Structure formats: C-alpha cells, structure tokens
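J.: Give me coordinates for this.
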Amino acid sequence: MHKIIYPTTERIDVTEEHFGEAVVDSYRWLENEAPDDRAVAAWIGAQNAVTQTYLGTLPGREHFRERMKELLNYDRYTVPKKRGDRYFFNVIKGHENQPSLYVRDGVFGDSRVLIDPNTWSDDGADSLTDWSVSDDARYVAFGVQKGGTDWRTIKVLDVESGRELNDALDGARFTRISWAPDGSGFFYSRMPRPAQGNARGAIVANHAVYFHKLGTEQADDRLIYSTPDRPELLHVADRVSGGRYLTITSTPGTNENALTVIDLETRDWQPRTVISDMDFTWSLIGNDGSTLILATTHKAERVRIVSLDLAEAEPEPKEIVPEAADGAVLDGVVLAGGKLLTSYRIDVKTEIRRFTLDGRPDGTVDIPGVGSARFLEGDAREAFFVFTSYDAPIAIYHYDMVSEAVTPWAVPKVPIDLDRIDVEQRFYRSKDGTEVPLFLIRRKDVTSAAPTLLYGYGGFGISQIPIYNPIQLAWVEQGGVLAVANIRGGGEYGRVWHRAGQLDNKQNSFDDFIAAAEFLKRTGITPQQGLAIQGESNGGLLVGAVTNQRPDLFDVALPGVAVTDMLRYDQFTGGGLWKGEFGSPAEERHFRNLMAYSPYHTIKEGAEYPAILATTADADDRVVPAHTFKYVAALQAADLGPKPRLVRIETRAGHGAGMPVDKIIAQHADMWAFAAYWTGLKTE
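T.: Prediction:
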C-alpha cells in the first residue's frame, strides 16, 4: 500500500479554561454545517476522495458487497398489529431498500401493500417510520423520514381506498402515534423547528404532546401536555390497543420517567400525573378497568409488575409479579387473553413465562431455540412473538391463547447454510473481577485462531441480545470470528449492570471491552495480530476510548457515528439528553471523568495506532458528524504510526434509522474489506 496523503485540515486553536485547566480545541470550525460552510463541505469532499481511493485498492471489497446482497435477498417481516379482523405489518422483500407496510385480512390470508416508501426517492433514502392504525382499522397514521434525519412528517392513509388524506403534520420528533378510541384523530409529540441554517445542530427543547383531529389544520392541534418550566424533558404519549388510558412518559433522556395519565373516556382529557419523580422506569402494559398494569424498576433492579388503581386519590403501586428470584431480568410484557405473557432474560437468553392477572405462575411458552424472543401484540384470542438468534433469522410466531399452540406465521428461508455456523457463549473476568458474558459466532470448521471482529455498545441500559444479522455473517462466512461482548453499561443484568458502566463508572465499560480483547487472544480464539473492534454511537465512543487507552491491543478500529468530544456533546441536538448517562461537562466532577476518556482529547501522540476507518453521515442530527470530523482531524495530525486513519462520510443518511439497504451494504463492505486487510482475513 502506498503512503496516504491526508487532506490538509486547518488548525484554528480555541482555548477555554475548565476548572483551572486550559483545554485547546483545534478543529472547532468543523462543527459548522455543510453545505452552508464551504470550508467544511470542501473538507468532507477531500476526505471522502482520499478514503474512496484507498478503499478501492482493497481486495475483497466487491466480494463482501456481492455476498451481502445475496445474504439479504429474502423477505423480512415484523410482528403484525391486529385491528378489527385486519393485520398490519412491515416487510422488506428481497433487495428492496426500505420496509413497506402491508395489510392482511385474516391471520393467514392474502396480503396487499398499503405504503411503499421505495417509490418516494431515487436513492431510497426516504423511509416509513412510526405508524399506527386506528382501532376500527380505517386509518393509518404514519411518519415520513427524509434522508436519515430525526424529524418526521406525519401523514394519514385511508386503508380501504389507499388514498392519502390532506393531513400532513410537520415537526414530529421522538414520537409515537396513538389514536383516540373513536378514530377521530391521534396523539403525537413535536417540538418547534429551529431557525433556518442551524436545524441540524439545534438543541432539542420544548417537546410537547398534541392531539390532531382529522381534517383540521395542524395550527389548530390541541396541546395536551408540556412542561415549559422543564424545556429539556421529552414527552412521549402511548396507548395500548383498545385501552382506555393515554399514558405520557416524561424523561430528561435517561431510562427513568415520570408518568402522566389521561382517561380518554372523560370529556376534558385532563392530564393527571401519578408518578412525578424520575427515579425509576414505569411502562404501561394495559389496564383492567381503572387499574393500570405496569412494569417498573421501582423496588426492583431487574423489573417487576405492579398495579396502580386510578380510583384512589393517591394511588400506590401494588405488586403483581415480584422481581424474579432466579436473577432473570424482565424484558417485556404483553397482556393477552387475561394473561401476562412475559419475556425474561437469563444470561442474555430468553425465557417466556405466563402469569395470571393476580400474579400466579401459569406455565411457560415454548420458543424455537436458544436466543431472543418477545411478545409484542396480543388480544383475547391470540398473540404474536418474535424469535431470533445469531444463527436464526428473525421469525414471527402465532400463539393461540386457548390451546397454547405455537404456529409459524412468517419464518424466512435464508440464502445461507446456518448449520455451518456455531454459536457459543463464554464468560470472562474483567479488570475488577466482574464476570462478563461474550458470544462467539464462527464457522464450525474454524477451530484455530482466526481474525476476529469484536463488537460492543455498553451504554444507556441497552442490551446486546442475540439477533440475526446477515451483514455480520458475511464476515463469519469468510472464516472470521464475530465476538459480541455484553459489557457493563448495557441492561443485560438490569439496572445494576447499567449503573456499573454509567457516569463515574464509565471506565468499567472500557475495562470490560479491553478484557474481552485480552480474553480472545489469551484463549487462542484470536491471533496476536488479527483483532478488529467495532461499535456505533455510544459504541463508537467505546471504540475511540479503548483505542486511545490500549492502541497496542487492536489492529483495526471501526468507530461509527461516534460520540467523541465529551466536553461539547451536550451542545448539539439531543446531546443534552445524555447527561444522565455521561455527566455534565459543566460540573467539575463529571468534567474530570469525561476528560479522562474523551476520544478527541486523549489521543496518544507517538503511539503505534491500529488502522482506523471512522464512519458517519452528513444528515446525522442525533450524534452530529462534527464529532467524527474533529476526531479524525486530530488523528490525522498526530504521529500515530504508518497505518491509515480515514473517515467515510455517507450522504443523505443519518444516525442509522431509515438508511437504505444498498447504502448499508456499501458501507459495511468497505468496513469489512478494511478490517479483513489489516487483520489478515482472506477473502474468496
């Protein structure tokens, strides 16, 4: 490989004092938005040109691209939502870029397309997002996402005629769509659009819940709930199908929330806050008359089920199903047929257990294998659950509430021999002795050390559960190992696991990931030179942080849409919502902790670094691309050895949601080819 000549990045030092410490920010000008800022636009173009020239020289790039196309050439279904006698669900058929919305009359009847977003744009970058069907199955309200942005436009479709109504609502963001019981309109969340020119980086504020009555102007929408005194809060309204109550969860961006309830059988729809603090999670399962049934972390690190009687002046939670005594984490609950269908996670693997409404155990539900399963929809007669694993494609199963029979509803046939794939769970010890789970996915004939792709996230209480991913299997098929580390900061073992990698404990996440890498090499799964690491968003932060802490340990780093500037993350879009996870840079205790691991600020000048390919997207208004721009500029300016330090910047794409399949394939083909070259993985 020839020496890479990186584009020149102007250094304009901005020095600020934080608690007596001078901090230099040399590339703040890269926070300006392209295309409004021509210098930033030129920088993006120059970086992409260098990166694409380099990637074009890599062997295996086209092989990965073509194989990923083949592996994704099957029909992918979501769990159906039943309204009346109709079933609504998403499908991506074959090589389509976006999932369409289908309707089926009868559970096993014929299907027809209602909404096909693949016709909305030439590049496939406009997508169908949240959608909700009225109780009488007459209307679908749906979100339109353009080019990867978090902003949504909500439209309405007449199911019978297939005709779009004139209703079109702007400014929806971080929203669900919940219909009123009579189908007259729906509830949604929106926030004011920022002034033109700073839309992408504007801070999220003044989120509010509105009701839109069909056939009226958005300007006439009724304000249902807001907190002007707390503009930083998010408010999301939801209603269980057929339910009497609208619940509004309010949160500063953590998993914990306050809970406000509206009785939709009353005329005035007066909001009533029944949980005012934000110390625990409260999630509505359903209602039995005036009694709400909720899942909560209140007095339960691993979640329990409680009731809240709204007929009481000061309702207090009463326990229905206690926290599991065997250490299992309650992951999801559906109320169907007078039963509670619960998904429990034990060492990151699912069991489904039934309970009566008074909390008595009522048996289990057989699932197809070891993996992840969860009920998502149900009524008096039937329910549906999804099952998947690293070696099992996402499949939908029908469950008869009376006979308890499990019937395949949509089980895809995939273009790969999954019998060749071996999935194994191991446990290893982290720096402080904590035992951490690790999944290994590889071909059964790969019995010696092989180039390894180690994936992690470790934040926001989000669990990395076994899930089928054809993109990752393209790596495994070539003889590589995929390793997924269930590090602290996630929710694999409940709140305690999350808090152990949160705020001042964030270093535990990094230590867990580093220990996973050491375990892989020590046990002969991975050769001493042959380890790539990958993570996205908070996982991108993880990759950047551990690369700076242990550059000797890794051969390739693939940080995606990463949070890298921990002193300014809260200055952009929804970054302020993450203070509960990372801590506020404006508080000295948190500042010291953030500075200790911030990828942009802790690059080790003079150290031998792994090959780095950072990825981001121009329309990412969740983690703005400036994080990656500044980080890569600093990497390229430092003396870090001869391996490449490149950035790939996707156009008309955002934080990941809604990205068309062909762009996903192109990006990951580049990433896997880059990782294969620098880990020694041979491609066919």
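J.: how close does His298 get to Asn257?
T.: 11 Å (CB to CB, to the nearest Å). To be clear about C-beta, it is placed using only N, CA and C from the backbone, and glycine gets the same treatment.
J.: The two: which is more packed in?
T.: Asn257 (25 against 18; other CB atoms under 10 Å).
J.: quick one: the helices in the chain?
T.: Along the chain, counting by DSSP state H, helices occupy 38-55, 61-71, 470-477, 495-499, 506-522, 538-549, 579-582, 588-597, 626-637, 661-679.
J.: thinking again about what came up before, overlap in contacts of His298 and Asn257?
T.: Common contact partners of His298 and Asn257 (CB atoms under 8 Å, 6 or more residues apart in numbering): Trp282.
J.: What about Tyr428, how many residues nearby?
T.: By other CB under 10 Å, 18 other residues sit near Tyr428.
J.: oh, I was asking about Pro644
T.: Residues near Pro644, counting by other CB under 10 Å, number 23.
J.: and what of the one 5 residues further on?
T.: Counted by other CB under 10 Å, the residues lying close to Ile649 total 22.
J.: Out of the helices of the chain, which one sits most buried?
T.: Mean neighbour count (mean count of other CB atoms under 10 Å) peaks for helix 538-549 among these, with a mean of 27.
J.: From the contact counts, what lies against it?
T.: The contact analysis (3 or more CB pairs under 8 Å, 6 or more residues apart in numbering; DSSP states H and E) places helix 538-549 against helix 506-522, strand 531-536, strand 556-560, helix 588-597.
J.: ok and the last one relative to helix 506-522, angle-wise?
T.: Inter-element angle recorded for helix 588-597 and helix 506-522: 20 degrees (by axes from the mean of the first three to the mean of the last three CA atoms, to 10 degrees).
J.: Now do helix 588-597: distance to the chain's middle.
T.: 26 Å (CA atoms, centre = their mean, to the nearest Å).
J.: which residue ranges form the strands in the stretch 101-250 of the chain?
T.: 111-115, 126-133, 139-146, 152-158, 164-172, 178-179, 185-190, 208-213, 222-225, 234-238, 245-251 (DSSP state E, counting those that start in this stretch).
J.: send the alpha carbons of the longest one over as PDB?
T.: These are the backbone C-alpha positions of strand 164-172, laid out as PDB (Å, rounded to 0.1, in the frame of the first residue of the first chain):
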ATOM      1  CA  GLU A 164     -53.900   9.700   1.500                       C
ATOM      2  CA  LEU A 165     -55.800  12.300   3.400                       C
ATOM      3  CA  ASN A 166     -54.800  16.000   3.300                       C
ATOM      4  CA  ASP A 167     -53.500  15.800   6.900                       C
ATOM      5  CA  ALA A 168     -49.700  16.400   7.000                       C
ATOM      6  CA  LEU A 169     -48.100  17.300  10.300                       C
ATOM      7  CA  ASP A 170     -44.600  18.900  10.500                       C
ATOM      8  CA  GLY A 171     -42.100  18.900  13.400                       C
ATOM      9  CA  ALA A 172     -42.700  15.500  14.800                       C
END
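J.: Could you tell me which residues make contact with the residue nearest to His298 when sequence neighbours are not counted?
T.: Among residues not flanking His298 along the chain, Phe280 sits closest, at 4.2 Å (CB to CB, 6 or more residues apart in numbering). Phe280 is in contact with 256, 296-298, counting by CB under 8 Å, 6+ apart.
J.: right, and the helices of the chain - which one's nearest Leu646?
T.: Closest approach to Leu646 among the helices of the chain is made by helix 38-55 (4.5 Å; CB to CB).
J.: average pLDDT for that closest one?
T.: Regarding helix 38-55, the rounded mean pLDDT is 97.
J.: I'd like the numbering to begin with 39 instead of 1 from here.
T.: With 39 as the first residue, the last one maps to helix 76-93.
J.: Next, the angle from it to helix 99-109.
T.: Going by the same axes, to 10 degrees, helix 76-93 makes 90 degrees with helix 99-109.
J.: Let me know the angle separating helix 76-93 from helix 664-675.
T.: Helix 76-93 runs at 60 degrees relative to helix 664-675, counting by the same axes, to 10 degrees.
J.: quick one: contacts of helix 76-93?
T.: Contacts to helix 76-93, defined as CB under 8 Å, 6+ apart, come from residues 39, 42-45, 47-48, 67-68, 70-73, 99, 651, 656, 667, 670, 682, 684-687, 708, 711-712.
J.: Check stretch 437-452 too.
T.: With contacts defined as CB under 8 Å, 6+ apart, stretch 437-452 is touched by 109, 112-115, 118, 145-146, 374-375, 377, 379, 401, 403-405, 413, 416, 418-423, 431-436, 508.
J.: buried subset of these?
T.: Among the contacts of stretch 437-452, those buried by neighbour count (16 or more other CB atoms under 10 Å) are 109, 112, 114-115, 118, 145, 374-375, 377, 379, 403, 405, 413, 416, 420-423, 431-436, 508.
J.: thought Thr213 was touching Asp276?
T.: No. Proximity of Thr213 to Asp276 does not meet the contact threshold set by CB atoms under 8 Å, at 10.2 Å.
J.: show me where pLDDT drops low in the stretch 239-388 of the chain?
T.: Counting by pLDDT under 70, the stretch 239-388 of the chain shows low-confidence ranges at 239.
J.: can you count the residues close to Ile43?
T.: 7.
J.: Apart from its neighbours in sequence, what residue is nearest it?
T.: Nearest to Ile43 is Val88, by CB to CB, 6+ apart, at 7.4 Å.
J.: Roughly how far does the one you found sit from Gln674?
T.: 10 Å.
J.: Which neighbours do these two have in common?
T.: Common neighbours of Val88 and Gln674, counting by CB under 8 Å, 6+ apart, are Tyr44.
J.: Can you tell me which of the contacts of Phe318 is closest to Lys482?
T.: Ranked by distance to Lys482 (CB to CB), those are led by Thr335 at 40.1 Å.
J.: quick one, what contacts that closest one?
T.: The contact partners of Thr335, by CB under 8 Å, 6+ apart, come to 293-294, 318-319, 341, 532-533.
J.: Narrow the residues you listed to those in strands?
T.: Counting by DSSP state E, no part of the contacts of Thr335 is found in strands.
J.: quick one: which of those residues has the most company?
T.: Busiest of the contacts of Thr335 [other CB under 10 Å] is Val341, holding 27 neighbours.
J.: Tell me how many other residues crowd the closest residue to that residue other than its chain neighbours.
T.: Nearest residue to Val341, sequence neighbours excluded (CB to CB, 6+ apart): Leu368, at 3.7 Å. Close neighbours of Leu368, defined as other CB under 10 Å, add up to 22.
J.: same thing with the one 5 residues further on?
T.: By other CB under 10 Å, 22 other residues sit near Leu373.
J.: wait, what's in contact with it?
T.: 278, 323-324, 331, 379, 416.
J.: what's the distance between it and Val151?
T.: Distance, Leu373 to Val151, using CB to CB: 31 Å.
J.: Run through the protein and note the low-pLDDT ranges.
T.: By pLDDT under 70, the weakly predicted segments of the chain are 39-40, 233-239.
J.: hang on, the earlier thing: neighbour count: Thr213 and Asp276, which is higher?
T.: Using other CB under 10 Å, the more surrounded residue of Thr213 and Asp276 is Thr213, with 26 against 17.
J.: Next up, the contacts around that one.
T.: With CB under 8 Å, 6+ apart, Thr213 has these contacts: 168, 181, 190, 192, 226-228, 274.
J.: switch the cut-off to 10 Å
T.: Thr213 makes contact with 167-168, 181, 188, 190, 192, 207, 225-229, 245, 247-248, 272-275 under the criterion CB atoms under 10 Å, 6 or more residues apart in numbering.
J.: Now the buried members of the residues you listed.
T.: Neighbour counting with 16+ other CB under 10 Å marks 167, 181, 188, 190, 192, 207, 225-229, 245, 247-248, 272-275 as buried within those.
J.: Verify the stated contact: Arg214 with Leu272.
T.: No. Between Arg214 and Leu272 there is no contact under CB atoms under 10 Å: 11.3 Å.
J.: Touching both of these two, which residues are there?
T.: By CB under 10 Å, 6+ apart, the residues touching both Arg214 and Leu272 are 227, 287.
J.: All good on my end, thank you.
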